[in-house]
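Asker: predicted structure and sequence below. I'll ask about it afterward.
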Amino acid sequence: MGDIGDYTIEQNWSEYGEEEHAIWRLLFERQQELLVGRACREYLDGLSGLGVAAGGIPDFRRLSDLLDRATGWHIAAVPGLVPDDIFFAFLARRRFPSTCFIRRRDQLDYLQEPDVFHDICGHVPMLMNPVFADYMQAYGEGGLKALRLGHLEQLARLYWYTVEFGLIATEEGLRIYGSGILSSAGESLYCLDNPRPNRLRFDLGRVMRTQYRIDRYQETYFVIDDFEQLFAATRPDFAPIYREIARLPEIAPDELAPDDKQCAGLGLGKKKGPYLSTARV
Ligand SMILES: [Fe+2]
């Protein structure tokens with residue numbers, strides 16, 4: 001097993017060109033407009049607290065200073081996707097591994113691998129929130145354990161359906177906290193407005209049984225009540241949960257199970273329900 005130091009590189013901020021900063025500005029301004037009334041308050045607070053502005057690709061050192069003061073997290077520049085054990089080790093040590101490159105102008109709307117816009121504008125603002133910051137560290141620790149127990153796939157689904165594609169119920173309606181959505185203009189609209197996807201109440205076992213696809217908008221989103229609920233759900237030992245779900249069938253990305261509780265879309269998903277039955281709304 002390698003060490004996180006083997007995968008940490010220099011961002012070399014001064015070497016970004018004008019075109020790269022211009023792409024960042026384009027993406028940033030577009031999302032800024034879209035995300036008001038769609039992103040959760042914690043994300044918007046984190047974004048303004050970091051001062052990640054429309055000016056261009058931020059310098060990780062400046063962001064790390066601000067993050068460190070808020071929640072003790074740092075950004076570590078990495079060359080791209082890192083092995084699972086290394087990824088978890090970064091998180092367990094409150095280091096967020098971020099790619100440095102930015103997508104090309106012809107990839108503005110869709111990119112399968114993470115780039116600096118996804119990692120910094122999507123993930124890092126949420127790390128300014130103390131509860132979410134603790135959740136991410138706990139996830140890293142849980143990941144190292146899941147690797148030892150052979151349940152990586154189940155735990156990866158938790159990350160996918162919360163950190164990347166999570167929704168949260170607020171008094172004002174459903175809001176986005178998942179970074180995969182926050183860094184995608186199309187999915188920021190689709191996840192809240194389109195009647196097609198399922199929006200189900202968060203349930204840890206249900207999430208761990210649900211397969212996902214990386215090449216299209218999600219067919220199911222899971223909705224939490226608040227970040228404390230998310231952190232509390234992941235506090236117990238997962239070993240008995242892994243054993244229990246190993247006996248149950250997997251659930252396809254678009255499938256509905258008998259116990260699912262569906263939430264309504266934008267403006268209708270009030271905190272603490274009413275949650276609707278599995279009948280589509
Ligand atoms: Fe991500």
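Answerer: Noted; the coordinates are in hand.
Asker: okay, CA-based contacts and neighbour counts for the rest of this
Answerer: OK.
Asker: what are the ranges of the strands in the chain?
Answerer: Using DSSP state E, the strands of the chain run over residues 74-77, 95-98, 167-170, 173-176, 198-201, 220-224.
Asker: which stretches of the chain have low pLDDT?
Answerer: Scanning the chain for pLDDT under 70 picks out the ranges 1, 264-281.
Asker: let's go with 90 and repeat that
Answerer: 1-3, 31-33, 48-55, 80-81, 107-113, 214-216, 233-237, 258-259, 261-281 (pLDDT under 90).
Asker: all the helices of it, residue numbers only.
Answerer: 18-35, 41-50, 60-71, 84-92, 116, 130-149, 152-159, 179-182, 185-193, 204-209, 227-233, 239-246 (DSSP state H).
Asker: looking at those helices, which is closest to G173?
Answerer: helix 185-193 (9.5 Å; C-alpha to C-alpha).
Asker: now what about the closest one, what contacts it?
Answerer: Contact with helix 185-193 is made by 30-31, 34-35, 38, 109, 174-176, 181-182, 197, 217-218, 221, 265-266, as judged by C-alpha atoms under 8 Å, 6 or more residues apart in numbering.
Asker: now with 10 Å, please.
Answerer: Here helix 185-193 makes contact (C-alpha atoms under 10 Å, 6 or more residues apart in numbering) with 27, 30-35, 38-39, 108-110, 165-167, 173-176, 178, 180-182, 184, 194, 196-199, 216-221, 264-267.
Asker: outside of stretch 228-245, which residues touch it?
Answerer: Here stretch 228-245 makes contact (C-alpha under 10 Å, 6+ apart) with 131-136, 138-139, 142, 145-146, 149-151, 154-155, 158, 162, 202-206, 208-209, 224, 227, 246.
Asker: just the endpoints, please. Distance across that stretch?
Answerer: Start to finish, the residues bounding stretch 228-245 are 23 Å apart (C-alpha to C-alpha, to the nearest Å).
Asker: okay, buried residues for it please.
Answerer: By neighbour count on 16 or more other C-alpha atoms under 10 Å, the buried set for stretch 228-245 is L230, F231, A233, T234, F238, Y242.
Asker: ditto for stretch 84-92
Answerer: In stretch 84-92, counting by 16+ other C-alpha under 10 Å, buried: D85, I86, F87, F88, A89, F90, L91, A92.
Asker: and the first one, how far from L44?
Answerer: Pointing back at D85 there. D85 is 31 Å from L44, by C-alpha to C-alpha.
Asker: please apply the same query to the third one.
Answerer: As defined by C-alpha to C-alpha, F87 lies at a distance of 26 Å from L44.
Asker: and the fourth one, by the same measure?
Answerer: Between F88 and L44 the distance, using C-alpha to C-alpha, works out to 26 Å.
Asker: ditto for the last one
Answerer: Computed with C-alpha to C-alpha, the distance linking A92 and L44 is 25 Å.
Asker: please apply the same query to the fifth one.
Answerer: According to C-alpha to C-alpha, A89 and L44 sit 27 Å apart.
Asker: with Y159 instead?
Answerer: With C-alpha to C-alpha as the criterion, Y159 and L44 are 21 Å apart.
Asker: got it, and N129?
Answerer: Distance of N129 to L44, computed by C-alpha to C-alpha: 11 Å.
Asker: count the residues that sit near R247.
Answerer: 8 (other C-alpha atoms under 10 Å).
Asker: gap between W24 and G122?
Answerer: Computed as C-alpha to C-alpha, the W24 to G122 distance reads 12 Å.
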